[in-house]
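> need coordinates for the following:
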Amino acid sequence: MRYRNNDITVSTKVAVVFVLVMLFGYQMKASNKMPQEVQKQTPVRKTVELSQNWRFQIDVKDIGEKEKWYAGNFDWSICSEVKVPQAWDLYDTGMWQYEGIGWYKTVIKPGDFIPGKRCEIVFSRVMYYSKVWLNGEYIGENIGGYLPFSFNLTDHLKPGQENVLVVRVDNVPRIEWLPAAKQIEWIQYGGIIRRVQLINTSHSYIEDFTVRTTPDKGGALINCIVNIANETESETDLEVNVEISGPTGTTSKSVKFQCNPKENKPVNVDLTLQKADLWSPDKPILYKATARLKKGATIIDDRTDRIGIRQVVTKGQSILLNGKPLIIKGVNRYDEYDKYGPNPPEKVLREELTLMKKVGINTIRVHYPQSPDLLSLYDEYGFVMLEEVPLNWWGVKWYGEVTQSLDILNFAKPALRTMVKRDKNHPCIIIWSMCNECETTSEVGIAVMREMIRLAKSLDPTRLITYVSDTDPAKNPAYEEADLVCVNMYNGSISANGCKHISEIDSLGYKPLVKTLTRYRTLFPDKPLFLSEFGSQGIKNMHGDIYFSEEFQAAYIERIWQGIRSVPGVSGGVLWCWADYYHRKYLINYAAYGPYGAVTVDRKPKKALEALTRMYGGGNHR
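Predicted structure coming up:
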């Protein structure tokens, strides 16, 4: 441009006017297209999160049901207004580790649901035993504190008015329920821990959406199963369109079909991507999968998930991810984070996961199903996962005699089904685990593991299936049906013959582990094997060469890792654990928390973090 005394020349003015006219014309054309594009991107189903105006009342004496707190004569206005979702342990210091009964109340406003549409309420996670009322009417109950449950409220909501929702929650453990142990290691956080949502759909809707991917000659074969529920009284002509889009392009396909009255129908849609970028810990590339349900020309429901194109199989003693051997460099991780409990903000989580990647961690193992939001972050950051049915210490005699029964399957199998159904599209999950450190050498334990493994394989043939034991694999014949063998070993730390000083780690930790692990490796010669737990305690700012010091913990985990890597055919290990965690108050008498972490419960580093970074080949960290 030419300037004269800060004024624009005539020729420049003409040019500017021309450009503005062109831009205006372009914007007008673009705006004409915008409504159609927005319509395609905006979800059809209406989802409302019930996060406001919750009231809470503690019920130590269990009098709420007798006094009908769910009915209209109870004065909720005097009760505390609380945040939902959040564990009730964090409402006040006096609520910390409260195990008992609490009541919640909120209102569903007229604008939260659409009269004439189907309306489902979904509780993502309530710990543990829940009962639900709407306008004083009993809706139903759920036993289980780790996975979602839902109720169809369509016929119970009153249009044009506020509907009163009341939830009774009881988080007192019972041995017949999961985790089915006489003693539980982790805190039983109480209350409404994850979001509560109303989902409004048509009466013919997408009930489930499964996406299975197979890398193929630089591209990918994609099998989608769209489960359609028709809750109407008439036969309906419908169409499903599935679209896969990502960095290498977009592919879509439509299938027309008929759905009978009250029918639940799976519709298979097979697609091909000519070129595909694969998901892996090094390159966690994600695609978007969208299923749209159409009646005539109208989209009546839709669902979108992020997916990754990858394949996990076993070959001999190796785990293969996209055809390449995977060495597990893992940590066990609880989902709690100091003052946030199980609900840390996303920003805090991202900072933590960034650090974990810098350390060189590629695998995360958990004792119970995680929130979908957290799993999505694992997808994005590129962690592989073992997600586990919350069956823990079932049948062990560490805290007294117990009796095992096949009745545990009444809780374990539904938990497995729900976990797989909810989380199956997350590429981060490569292994489903059936339990942790249960009595799986008994006749009942063996039978339960066999049945769980078979069910898991029928539910999801695309992932590896196992369970985790702390006993000799030779005494665990159910491993014959598993895809790989996972064992926990603590030689020299919490074993009977534990180290007192760093100088004893070699003789009491490293050498016994290598000897035992070498024998274990021979027991199932055609299956991968890795250590699903190893580790030692270390308290921050405790120093010296003695057990429980930072220096001891760091020296121990590094030497044990060297032992793991020295045994041919062992596919790595998973440190117990990434961060310190709070114990359930009745568990042990030496500490209120488990000081096994490479970082503290508020993620302050210990010397073990430096050791872990060296072990796993990570970079610099702060």
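> got any ranges where the stretch 1-150 of the chain has weak pLDDT?
1-41 (pLDDT under 70).
> ok, the stretch 501-622 of the chain next?
589-591, 620-622.
> strands of that one, start to end?
Assigned strands in the stretch 501-622 of the chain, in chain order: 529-534, 570-575, 581-582, 593-594 (criterion: DSSP state E, counting those that start in this stretch).
> just send those back as JSON lines, with mean neighbour count and distance to F383 too.
(Each C-beta comes from the backbone N, C-alpha and C, glycine too.) As requested, these are exported to JSON lines (neighbours: other Cβ atoms under 10 Å; distance: least, Cβ to Cβ, whole Å):
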{"stretch": "strand 529-534", "mean neighbour count": "26", "distance to F383": "15"}
{"stretch": "strand 570-575", "mean neighbour count": "24", "distance to F383": "12"}
{"stretch": "strand 581-582", "mean neighbour count": "22", "distance to F383": "18"}
{"stretch": "strand 593-594", "mean neighbour count": "18", "distance to F383": "21"}
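> tabulate these in CSV, adding columns for distance to G190.
Output for these, formatted as CSV (distance: least, Cβ to Cβ, whole Å):
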stretch, distance to G190
strand 529-534, 27
strand 570-575, 28
strand 581-582, 13
strand 593-594, 18
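> can you give me phi and psi for W177?
The phi/psi pair for W177 (degrees, to the nearest 10) reads phi -100, psi 160.
> wait, what's in contact with it?
Y128, Y129, I143, G144, F411 (Cβ atoms under 8 Å, 6 or more residues apart in numbering).
> what residues does the first one make contact with?
What that stands for is Y128. I143, G144, G145, V169, D170, N171, V172, P173, W177, Q188, G190.
> rewinding a little: and the strands of the stretch 501-622 of the chain: which comes nearest K217?
Set against K217 and scored by Cβ to Cβ, the strands of the stretch 501-622 of the chain come closest in strand 570-575, at 27.2 Å.
> partner strands of that closest one, parallel or antiparallel?
strand 328-332 (parallel), strand 529-534 (parallel) (DSSP bridges).
> turn those strands into JSON lines, including distance to L134.
Listed next are the strands paired with strand 570-575 as JSON lines, based on distance: least, Cβ to Cβ, whole Å:
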{"stretch": "strand 328-332", "distance to L134": "40"}
{"stretch": "strand 529-534", "distance to L134": "43"}
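> coming back round to it: between the contacts of W177, which is nearest C224?
Distances from C224 to those, taken by Cβ to Cβ, are shortest for G144, at 28.4 Å.
> what's around the closest one, how many residues?
Here the number of neighbours of G144 (other Cβ atoms under 10 Å) works out to 20.
> and the residue nearest the centre of the protein?
In the chain, the residue lying closest to the centroid (Cα atoms, centre = their mean) is Q370, at 2.6 Å.
> with adjacent residues omitted, what lies nearest to G382?
P284 (3.2 Å; Cβ to Cβ, 6 or more residues apart in numbering).
> what sits against that neighbour?
Contacts of P284 (Cβ under 8 Å, 6+ apart): G308, D379, E380, Y381, G382, P427.
> for I187, same thing?
D89, Q97, E336, Y582, H583, R584, K585.
> report the buried members of those residues.
D89, E336, Y582, H583, R584 (16 or more other Cβ atoms under 10 Å).
> re earlier: can I get the contacts of I187 in JSON lines with distance to N241?
Conversion of the contacts of I187 to JSON lines gives the following (distance: Cβ to Cβ, whole Å):
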{"residue": "D89", "distance to N241": "45"}
{"residue": "Q97", "distance to N241": "50"}
{"residue": "E336", "distance to N241": "41"}
{"residue": "Y582", "distance to N241": "47"}
{"residue": "H583", "distance to N241": "50"}
{"residue": "R584", "distance to N241": "48"}
{"residue": "K585", "distance to N241": "53"}
